[in-house]
Each structure stands twice: as C-alpha cells, then as structure tokens.
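Novice: could you look at this predicted model? Sequence included:
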Amino acid sequence: MKIFLSVPQIIVPKQVAIAMDLCTLAKFSASGPVKKDLMKTAGSDIVLVCLDDGQEIPPHPEPYAVVFVVLQGKGVITAGSVEHPVGPHHLVSVKKDKNRGIRCDQKMVILGIREDV
C-alpha cells in the first residue's frame with residue numbers, strides 16, 4: 001500500500017554544517033500526503049512529511065523507531081494504540097514495530113527522524 005507521494009531527496013554537498021528552513025521545503029498534494037527525504041546520517045533518516053487538511057496516513061506498523069516533530073499545523077498522531085492531539089512544537093516518539101499514523105486537521109508539516117534500516 002502506497003501511503004506517500006515521494007519527492008526527490010535533497011542532495012547536500014559534504015560540508016561541516018547544513019542549515020535549512022524546513023517550512024520553505026514543504027510541498028502539498030491533493031492526491032495525498034507528501035514525504036520528502038531530507039538526508040541520511042549514520043543511523044537515521046530525516047524526512048519532511050506534509051499533509052493537507054483532512055488527509056491521513058492510517059495507523060500501521062513499521063520495522064523502525066521514529067520521532068515526529070510537528071513544525072506547523074494541527075492533527076492527531078497515533079503511537080501504538082494512543083492518539084495524541086498535536087500542534088506546533090509537539091514531539092511524538094514511536095517504538096520499532098508499533099503502529100504509527102497521522103490525521104491532519106489543519107495543514108501539517110512534520111519532521112520525521114527514523115532509525116536507519
């Protein structure tokens with residue numbers, strides 16, 4: 001089951017530090033949630049997840065742990081069997097093999113940091 005529309009990974013030249021305004025990278029689609037791969041580091045993948053009003057990623061298990069940080073918008077993030085109402089600056093951590101899902105009430109931009117698998 002395809003959950004996201006995927007956009008190309010941002011290619012970052014090798015340098016000592018990287019700075020980016022994450023909300024300016026946000027892309028939305030009427031077709032469904034959009035996931036943008038930002039970068040891979042040793043042990044983790046960092047992605048930007050964008051959902052428009054009313055869009056949802058149904059709860060589903062994944063073989064990796066993930067931390068979601070809400071940058072803008074409002075909605076509900078499911079972690080395991082618990083639904084967490086979230087808004088800007090909220091963080092939700094989900095353990096490996098546990099259900100995770102997102103329901104968007106107001107256009108959301110979320111940073112996802114997951115274990116590299």
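Specialist: Nice, I can see it.

Novice: what pairs with the longest strand belonging to the chain, parallel or antiparallel?
Specialist: Looking across the chain with DSSP state E, the single longest strand is strand 99-115. Applying DSSP bridges, strand 99-115 is found paired with strand 44-51 (antiparallel), strand 56-61 (antiparallel), strand 66-79 (antiparallel).

Novice: burial of Cys23, as a residue count?
Specialist: Cys23 has 11 neighbouring residues, counting by other Cβ atoms under 10 Å. No exception for glycine: its C-beta is placed from N, CA and C like everyone else's.

Novice: who touches it in this structure?
Specialist: Neighbour list for Cys23: Leu71, Gln72, Val109 [criterion: Cβ atoms under 8 Å, 6 or more residues apart in numbering].

Novice: need those in CSV (columns: pLDDT, neighbour count and distance to Leu38).
Specialist: Shown next, in CSV, are the contacts of Cys23 (pLDDT from 0 to 100; neighbours: other Cβ atoms under 10 Å; distance: Cβ to Cβ, whole Å):
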residue, pLDDT, neighbour count, distance to Leu38
Leu71, 98, 18, 12
Gln72, 98, 16, 16
Val109, 98, 22, 12
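
Novice: dump those residues to CSV, plus distance to Asp53.
Specialist: Listed next are the contacts of Cys23 as CSV, based on distance: Cβ to Cβ, whole Å:
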residue, distance to Asp53
Leu71, 16
Gln72, 13
Val109, 13
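
Novice: how about the strands paired with strand 99-115 in JSON lines, adding distance to Asp37?
Specialist: JSON lines is the format used below for the strands paired with strand 99-115 (distance: least, Cβ to Cβ, whole Å):
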{"stretch": "strand 44-51", "distance to Asp37": "5"}
{"stretch": "strand 56-61", "distance to Asp37": "16"}
{"stretch": "strand 66-79", "distance to Asp37": "14"}
